[in-house]
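Asker: Quick one, structure for this:
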Amino acid sequence: MTPLGVLGIASLGYGLALAALVGGMAEKEAVPEGIPRKVLHVGIFAGAVPAQLLLGFWGVVTYGVVISIIVLAGFFQGPGLPFHRALARPEKGRDSHHSVLTPLVSTALGGLAAVLLVGHFAAVGYLACGLGDAAGEPVGRRWGRHRYRSFPWNKNAHRRSVEGSLAVFGAGSFGAAIALGLIDFSFPQALIVGFACGAAGAIGEGLSGRGTDNFWVQILASLTAWGLLG
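Answerer: Just a heads-up that it's a prediction; the model follows:
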């Protein structure tokens, strides 16, 4: 079997296990709403890193196709099932298609664009986005007090919080530093450049339109790493 075939099977097993995990979390009353979605978010981006570092562009394509099929199948299976409840934001109501499909497309396009543009530095964007965005939303909801809007000419502009953006910066910097360490950069390089990548990702997340932040955080963090170290 080819390496891509092995990756496809591994991706299928990983995706199904991740779906089962977050579906089980969604069924438990003790788990706050939104947490299963964020666990899924981190898991998807984390899984893209070995696929990209080991097999490059086609590794990302293979992994992304398998995971996208699992997410789409879970979404269209109906709101009564656990994995669907883990995917959709409860407050979206009839707009739940937008809350799932737009971020999915944004994630796929950002991941492919990053690996095409900067090769292995795309892993920086994957982890900066995976950890940064996962931290920003819950922090913003709970502690966000200082609100701001994206640029006024952005038709999909909406309000974010300074506190949430700082969480994106902190967690995104941590994720970027981990990715740079995996690419074999030294600890000082990974740490310093990681902060720059986290800042770029936070700016992209703060100014992006609704549902498009997964694209911009990946691209800007990856390009920053490549620009400083490539």
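Asker: longest helix of this structure?
Answerer: In the chain, taking DSSP state H as the definition, the longest helix is helix 35-76.
Asker: The helix or strand containing residue 166 - what's its average pLDDT?
Answerer: In this structure, residue 166 sits in helix 162-182 according to DSSP states H and E. Mean pLDDT, computed over helix 162-182, is 94.
Asker: do the same with stretch 217-227
Answerer: On average, stretch 217-227 scores 97.
Asker: Check which residues of that stretch are buried.
Answerer: 217, 218, 219, 220, 221, 222, 223, 224, 225, 226 (16 or more other C-beta atoms under 10 Å). Just so you know, the C-beta spots here come from the backbone N, C-alpha and C atoms, and that holds for glycine as well.
Asker: Contact partners for the first one?
Answerer: It refers to residue 217. The contact partners of residue 217, by C-beta atoms under 8 Å, 6 or more residues apart in numbering, come to 110, 125, 128, 129, 132, 133, 168, 172, 201, 204, 205, 208.
Asker: okay, the fifth one: pLDDT?
Answerer: Per-residue confidence for residue 132 comes out at a pLDDT of 93.
Asker: burial count for it?
Answerer: Residue 132 is flanked by 31 other residues according to other C-beta atoms under 10 Å.
Asker: Was I right to think it contacts residue 165?
Answerer: No. Residue 132 is beyond contact range of residue 165, at 9.5 Å (criterion: C-beta atoms under 8 Å).
Asker: which residues sit against the one helix or strand residue 199 maps to?
Answerer: Using DSSP H and E, residue 199 sits within helix 187-207. Residues from elsewhere that reach helix 187-207, judged by C-beta under 8 Å, 6+ apart: 124-125, 128-129, 132-133, 136, 148, 150-151, 154, 160, 165-166, 168-178, 180-181, 185, 213, 216-217, 219-225, 228-229.
Asker: are any of the residues you listed buried, and which?
Answerer: Among those, those classed as buried by 16+ other C-beta under 10 Å are 124-125, 128-129, 132-133, 136, 150, 160, 165-166, 168-178, 180, 185, 213, 216-217, 219-225, 229.
Asker: Nearest residue to residue 190 in space, please, no chain neighbours.
Answerer: Closest residue in space to residue 190, ignoring its immediate chain neighbours: residue 180 at 3.8 Å, by C-beta to C-beta, 6 or more residues apart in numbering.
Asker: swap that for residue 4, please
Answerer: Nearest one to residue 4, counting by C-beta to C-beta, 6+ apart, is residue 62 at 5.2 Å.
Asker: Next up, the contacts around the one you found.
Answerer: Per C-beta under 8 Å, 6+ apart, neighbours of residue 62: 4, 7, 8, 11, 51, 55.
Asker: Also residue 176?
Answerer: 124, 127, 128, 190, 193, 194, 197, 198, 201, 221, 225.
Asker: any idea how far residue 26 is from residue 214?
Answerer: Here residue 26 is placed at a distance of 21 Å from residue 214 (C-beta to C-beta, to the nearest Å).
Asker: ok, these two, which is more surrounded?
Answerer: The neighbour comparison of residue 26 against residue 214 (other C-beta under 10 Å) goes to residue 214, with 28 against 22.
Asker: next one: phi and psi at the more buried one?
Answerer: Backbone torsions for residue 214, taken as degrees, to the nearest 10, come to phi -60, psi -30.
Asker: Check residue 147 too.
Answerer: The phi/psi pair for residue 147 (degrees, to the nearest 10) is phi -100, psi 150.
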